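> Test case, fold it:
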Amino acid sequence: MDRRQLLLDTDVEALQRTLARRVALPTESQNRERAPELRRYLDAELIPELQAMGFACELWDNPVEGAPPMLFAERIEAAGLPTLLSYGHGDVVLGDESKWTKAASPWVLEARDGCWYGRGVADNKGQHSLNLQALAQVLAARGGRHLGFNSKFLFEMGEEIGSPGLKAQCERHRERLKADVFIASDGPRLSQQQPTLFLGSRGVMNFDLELALREGAHHSGNWGGLLANPGVLLAAAIHSIVDERGVIRVEALRPPPLPQAVRAALADVRPGEPGGPQIDTDWGEPGLTPAERVFGWNSIEVLAFKCGNPDKPVNAIPPRAIAHMQIRFVVGRDPAGFLPALRAHLDAHGFERVQLRQAGAEIMNATRLDPDSPWVRWAQASLRESTGVAPVLLPNLGGSLPNDCFAEVLGLPTIWVPHSVPTCSQHAPDEHLPVHTLAQGLKIMAGLFWDLGSPAARQGLVDAHQ
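Reported below is the predicted structural model:
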């Protein structure tokens, strides 16, 4: 079988059957009662499929107490062949069963209007299931005996709760996870119609600002003008950090200038698509394009702000206010310096009473493979041959993934091939993916795996560790 015939033989109906079984498992990692389902997903779904392809499988207990297990699988053909490491996560966010309107249940795969609905279809069951099917197809096309490369997988079941233990496992099993390149799928394409590659992700750190001035609330008529209002003060503190147009005012939280290779890669990138929100062109760092602002720059967001009782306001000056904040950041700044810089900034601007603390999961570092890497050029050529169009190349995703585990701890060149779309309702009710995007994704991944196992298609590649 040749490459062209391989792509013609991709089977979307087989993917639908597989995904129907996997969506039916309510693998909500945020729900402690679902712990048996998390392990069942590995035992009943992934291990049998991988073993059928000749992978040796091991369940790894999580080094973080109470966190779900992980699955490592490897298929070694020969020492001289390139080795691929891939990744996926089988956990999902909460189902929000009562809020679904276009499907009867988040746990039943439902086809409607050219889309598949179900929790995990986009994030991440649909994406890694597609990749596994494409790998099996290439193996079958080569007689079931060889892929032409060595293959390793690491699956976790806690990505939606911050990937507890993933970095520790990569550190502990660095030799077992050793590879030449990392290729996986998560996150969205730039748009539904555009095949996309991204080479890392923005980092993320959450932090809280809180101002508690007194024990209780006091009548605003009797005390208005006499008592400092924590809501006003906290809003002013936030405005000193990020202005009314979203421009970051703390120098240590701003990234260095965009590298020329990143600017060049983003030159023709146009974020947004029909059905998504309208981009605010006057928001964010001036002088940057929308693509540069989301893929090449930092942003600070107010995720939530509470002062008094927002649902039932009363005529009283509240005693305290709290803001839940987030910074998304690109490579070039050490996030360990963010909190000290914020503390110094608040103190210098008269906000000594505002409490500052890191919140949420541990910091997820920013990563970015050089767009000029030979692995990137190889992947671009493969996608172009499979789809007939040049893929969009993003130096990094605007969101955050645990890519630092693979790029920094393992030192691998990282390439992500997303099969989701920006309007897929990821993390929301009615999560879905267009069937035509999944069908194209099968061709893309079958082509990539075919080319990785083809000596002719690997021409021009250099050792990724040089």
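> ok, the nearest residue to N62 once chain neighbours are set aside to D404 distance?
With sequence-adjacent residues excluded and distances taken as CB to CB, 6 or more residues apart in numbering, N62 is closest to G165, at 4.2 Å. To be clear about C-beta, it is placed using only N, CA and C from the backbone, and glycine gets the same treatment. G165 sits 14 Å away from D404, going by CB to CB, to the nearest Å.
> what's the burial count for the residue nearest to N62?
If you count neighbours by other CB atoms under 10 Å, G165 ends up with 21.
> Put the alpha carbons of stretch 161-172 into CSV.
The C-alpha coordinates for stretch 161-172 follow below in CSV (Å, rounded to 0.1, in the frame of the first residue of the first chain):
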residue,chain,number,x,y,z
ILE,A,161,-7.0,19.1,37.6
GLY,A,162,-3.6,20.4,36.8
SER,A,163,-1.7,17.2,35.8
PRO,A,164,-0.6,16.2,39.3
GLY,A,165,2.4,14.0,39.3
LEU,A,166,3.1,14.3,35.5
LYS,A,167,6.3,16.4,35.9
ALA,A,168,7.5,14.1,38.7
GLN,A,169,6.9,11.0,36.5
CYS,A,170,8.8,12.6,33.6
GLU,A,171,11.7,13.3,35.9
ARG,A,172,11.6,9.8,37.5
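> when you give positions from now on, start the count at 758
Got it, first residue is 758 now, which makes that one stretch 918-929.
> From the chain's centroid, how far away is that stretch?
Relative to its chain's centre, stretch 918-929 lies at 15 Å (CA atoms, centre = their mean, to the nearest Å).
> just stretch 1168-1182 next, same as before
7 Å.
> which of the residues in that stretch are buried?
Along stretch 1168-1182, these residues count as buried under the neighbour rule (16 or more other CB atoms under 10 Å): 1169-1182.
> got it, and stretch 769-783?
772, 775-776, 779-780, 782-783.
> Which of the residues you listed fall in helices?
Residues from those lying in helices, with DSSP state H as the criterion: 772, 775-776, 779-780.
> which one of those residues sits closest to V1026?
Nearest to V1026, judged by CB to CB, of these is L772 at 28.7 Å.
> which residues touch the closest one?
By CB atoms under 8 Å, 6 or more residues apart in numbering, the contact list for L772 reads 886-887, 890, 1195, 1199.
> and what of F964?
1082-1084, 1095-1096, 1099, 1113-1116.
> Which members of the residues you listed are classed as buried?
1082-1084, 1095, 1099, 1113.
> Can you tell me which of those residues is nearest G957?
Among the buried ones among the contacts of F964, I1084 lies closest to G957 (CB to CB), at 16.7 Å.
> Who are the packing partners of the strand or helix carrying that closest one?
I1084 is located in strand 1077-1086, with elements delineated by DSSP states H and E. Here strand 1077-1086 touches strand 960-969, helix 987-998, strand 1056-1064, going by 3 or more CB pairs under 8 Å, 6 or more residues apart in numbering; DSSP states H and E.
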